[in-house]
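S.K.: my questions concern the predicted model and sequence given below.
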Amino acid sequence: MTYPPQGDNSGQGNGYTDYSSQSGYSAQSAYGQGAPGQSGYGQSGYGQSGFGQPGYAQADYAQADYAAQTPSFAPAGAAQIGPPSNVGWAVASILFFWPLSFVAMTRALQVYPLWAAGRHAEAEAASATAKKLGMISLALVALLIVLYVVFLFILVGAAATAGY
């Protein structure tokens with residue numbers, strides 16, 4: 001079996017880079033052990049510039065005029081804020097009476113896309129529907145709890161009168 005000849009086949013040198021000719025690289029400054037006042041690894045010190053990067057003491061950043069970028073508030077009626085999505089009421093419907101939660105969550109998640117599409121009346125109706133379904137589910141759970149307590153009292157009363 002023959003192997004390719006070892007050596008320079010590409011005409012590009014031996015494949016090793018001479019880093020000692022670059023700034024910051026030398027035998028004396030390897031691993032940060034250079035002469036005093038010099039930093040190793042081609043890193044520049046405080047206030048010095050290395051590799052085209054500004055030093056710490058230099059302020060090359062232009063200060064923006066943030067006062068000019070501050071939005072002024074539009075007069076009343078110019079920019080309308082959309083209705084609340086009432087996702088909280090939809091989550092309440094999930095927790096309390098889940099059959100209503102499907103419609104409540106769907107309507108709550110439709111509010112912002114409808115508002116962004118310019119369909120403001122539909123967005124407000126979706127918001128109102130989500131809130132109404134959340135309140136209905138809360139009322140249904142409250143009613144079921146009251147009915148359960150009444151059923152327990154009737155059951156205990158019936159057991160007490162039966163002589164058990």
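M.R.: Everything's here; your move.
S.K.: where does Gly155 land on pLDDT?
M.R.: That one is not Gly; residue 155 is Leu. Here the pLDDT value assigned to Leu155 is 93.
S.K.: quick one: residues contacting it.
M.R.: Listed by Cβ atoms under 8 Å, 6 or more residues apart in numbering, Leu155 has no contact partners. C-beta coordinates here come from the backbone N, C-alpha and C atoms, glycine included.
S.K.: and it, what helix or strand is that in?
M.R.: helix 120-162 (DSSP states H and E).
S.K.: what count of nearby residues applies to Gly134?
M.R.: 27 (other Cβ atoms under 10 Å).
S.K.: how about Pro83, phi and psi?
M.R.: As for Pro83, its main-chain torsions (degrees, to the nearest 10) stand at phi -70, psi 160.
S.K.: grab the nearest non-local neighbour of it.
M.R.: The shortest distance from Pro83 to any non-neighbouring residue, by Cβ to Cβ, 6 or more residues apart in numbering, is to Ser127 (4.0 Å).
S.K.: relative to Leu152, how far out is that neighbour?
M.R.: 38 Å (Cβ to Cβ, to the nearest Å).
S.K.: ok, now Leu138?
M.R.: Taken as Cβ to Cβ, the span from Leu138 to Leu152 is 22 Å.
S.K.: compare those two (neighbour count), which wins?
M.R.: Taking other Cβ under 10 Å, Leu138 and Leu152 do not tie; Leu138 has more neighbours (17 against 10).
S.K.: gap between that one and Trp115?
M.R.: Leu138 sits 25 Å away from Trp115, going by Cβ to Cβ.
S.K.: just Phe97 next, same as before
M.R.: Using Cβ to Cβ, one gets 27 Å for the distance from Phe97 to Trp115.
S.K.: counting neighbours, what do you get for Gly157?
M.R.: Residues near Gly157, counting by other Cβ under 10 Å, number 10.
S.K.: repeat for Val150
M.R.: Count around Val150 with other Cβ under 10 Å applied: 10.
S.K.: how about Ser85?
M.R.: 20.
S.K.: excluding chain neighbours, what is closest to it?
M.R.: Nearest non-adjacent residue to Ser85, counting by Cβ to Cβ, 6+ apart: Val111, 4.3 Å away.
S.K.: how about the one you found, what does it touch?
M.R.: If a contact means Cβ under 8 Å, 6+ apart, then Val111 has Gly82, Pro83, Pro84, Ser85, Asn86, Ala123, Ala126, Ser127, Ala130 as its contacts.
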